[in-house]
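Colleague: coords below, sequence missing:
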């Protein structure tokens, strides 16, 4: 347990509290997760030692095979408010249950002077399988000793962990250590920490005489006396260890995917023979399937009327096709098949690599795309013979970008549709590129919403198959100035 707060009350007998209150030291970590608001004070946390209660009581030792020792009593009065011992888990440590654990963490001592100590960390897990272990060695999974406190409560020691051995012969002197950590000392009349419990050595057979064990529980802390603290109890050796392993399953080729799986290249030039000059060919290879798509390039009405932003011609915007890479020469991508469409590099054309999986695909984590950055991104595509969805596909907010804030401007009653004089918010991005000097104010930008006009009007919503909503009216009139919603893009079978 780790202290984060200090408190000063005496005679606290709480078994749980929120460690932010300072009523008790933090409980040590154990096999049970912390419960919100109940992560401090003297009650144990399964095999995690309880924290010392106020005032300045010691934390208890963590437990594992052996139980932890009780934390020392509170300051001056020497009454029983120390942490409760971390519990023994010995009843679950057998060949039937086939469970192993870390050693429990010691509970923290209570503090009000910032001089208490945290609980010691429990020991880890060692597993070794070998026909022969040669040479002299020490295998140590002991619990950590708590640091010493001064004029506050000491923390409890961590419990020993696990050593699991599937070894046939030992060729040297071997010492296996799973002892509990010692509790933290404290200054006179302050609570001392309890010792950590001993851990578990689990072998595939009886250990030979050249293999020794250290299983002892950790000793209690000291302030001139034990001050009510106790040592942890000893760990144990079990001799029927077998590694739990299931039967062999039939081989099922599976590919697990998550995150961003596509690569993107922004087209910077298009040669007459269909060769695409791009910004980057990283992630692309000959034979890859690709999508070629033009993201923008529509023409819009730019008159200073409510018609501003209406699409007058789609041009090549939205055209796309599947293809394959025949060659990559420098930063030039050569498609395998003749192009079906005409594209204009000025209209934000991008090439997207499409992964093709030959095995079943499991979506094991959220699948997404790189966000559109004005030249590439925003598309997720792949092929697979079978797809198992264990997580979401989420491209929320990966498409055309929203308009940016306008510089601070104090004009009132602005009704401009396409101005660029900082009298309105920027229009949202859409299938038409921004027109120089007309990228702000309330007129829509094709399917991009219009910006809110001065003074303080809201921006319009973007659109696709459904229209965007009108932005809220301006501050003074309350009736006009809101950005127009993006225009509907019509689709048909």
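Modeller: Yep, that arrived. Nothing here was measured: the structure is a model prediction, and the numbers come from that model.

Colleague: Report how many residues lie close to the residue found closest to residue 295 once you drop the neighbours it is linked to in the chain.
Modeller: Nearest non-adjacent residue to residue 295, counting by CB to CB, 6 or more residues apart in numbering: residue 348, 4.2 Å away. C-betas here are computed from N, CA, C, even on glycine. Per other CB atoms under 10 Å, the neighbour tally for residue 348 reads 21.

Colleague: show me the residues around residue 348 that make contact.
Modeller: By CB atoms under 8 Å, 6 or more residues apart in numbering, residue 348 lies in contact with 266, 294-297, 374-375, 433.

Colleague: Show me which of these are buried.
Modeller: The neighbour count (16 or more other CB atoms under 10 Å) marks 266, 294-297, 375, 433 as buried among the contacts of residue 348.

Colleague: Can you flag which of these belong to strands?
Modeller: Judged by DSSP state E, the subset of those located in strands is 266, 294.

Colleague: Now tabulate the buried ones among the contacts of residue 348 in JSON lines and tack on distance to residue 147 and pLDDT.
Modeller: As requested, the buried ones among the contacts of residue 348 are exported to JSON lines (distance: CB to CB, whole Å; pLDDT from 0 to 100):
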{"residue": "266", "distance to residue 147": "56", "pLDDT": "98"}
{"residue": "294", "distance to residue 147": "65", "pLDDT": "98"}
{"residue": "295", "distance to residue 147": "60", "pLDDT": "97"}
{"residue": "296", "distance to residue 147": "62", "pLDDT": "97"}
{"residue": "297", "distance to residue 147": "67", "pLDDT": "97"}
{"residue": "375", "distance to residue 147": "55", "pLDDT": "97"}
{"residue": "433", "distance to residue 147": "64", "pLDDT": "96"}
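
Colleague: Make TSV out of the buried ones among the contacts of residue 348 and add distance to residue 155.
Modeller: Shown next, in TSV, are the buried ones among the contacts of residue 348 (distance: CB to CB, whole Å):
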residue	distance to residue 155
266	57
294	65
295	60
296	62
297	67
375	56
433	64
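
Colleague: from the buried ones among the contacts of residue 348, which is closest to residue 45?
Modeller: Using CB to CB, the shortest approach to residue 45 within those belongs to residue 375, at 53.1 Å.

Colleague: Could you measure from the residue nearest to the closest one when sequence neighbours are not counted over to residue 348?
Modeller: Distance criterion CB to CB, 6+ apart; nearest residue to residue 375, sequence neighbours excluded, is residue 266 at 3.8 Å. Residue 266 is 8 Å from residue 348, where distance means CB to CB, to the nearest Å.

Colleague: joint contacts of those two?
Modeller: What both residue 266 and residue 348 touch, as defined by CB under 8 Å, 6+ apart, is the set residue 375.

Colleague: which of the residues in the host helix or strand of residue 366 are buried?
Modeller: Assigned by DSSP states H and E, residue 366 belongs to strand 360-368. Across strand 360-368, burial judged by 16+ other CB under 10 Å covers 361-363, 367-368.

Colleague: ditto for stretch 271-282
Modeller: Neighbour counts over stretch 271-282 (16+ other CB under 10 Å) mark 276-278, 281 as buried.

Colleague: Need the mean per-residue confidence for that stretch.
Modeller: Average pLDDT, stretch 271-282: 93.

Colleague: just to revisit the earlier point, export the buried residues of stretch 271-282 to JSON lines and append columns for secondary structure.
Modeller: JSON lines is the format used below for the buried residues of stretch 271-282 (DSSP: H, G, I helix; E, B strand; the rest coil):
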{"residue": "276", "secondary structure": "strand"}
{"residue": "277", "secondary structure": "strand"}
{"residue": "278", "secondary structure": "strand"}
{"residue": "281", "secondary structure": "coil"}
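
Colleague: Residue 454: which of those residues is nearest?
Modeller: For the buried residues of stretch 271-282, the minimum distance to residue 454 (CB to CB) is 40.8 Å, reached by residue 278.

Colleague: Right, I'll leave it there.
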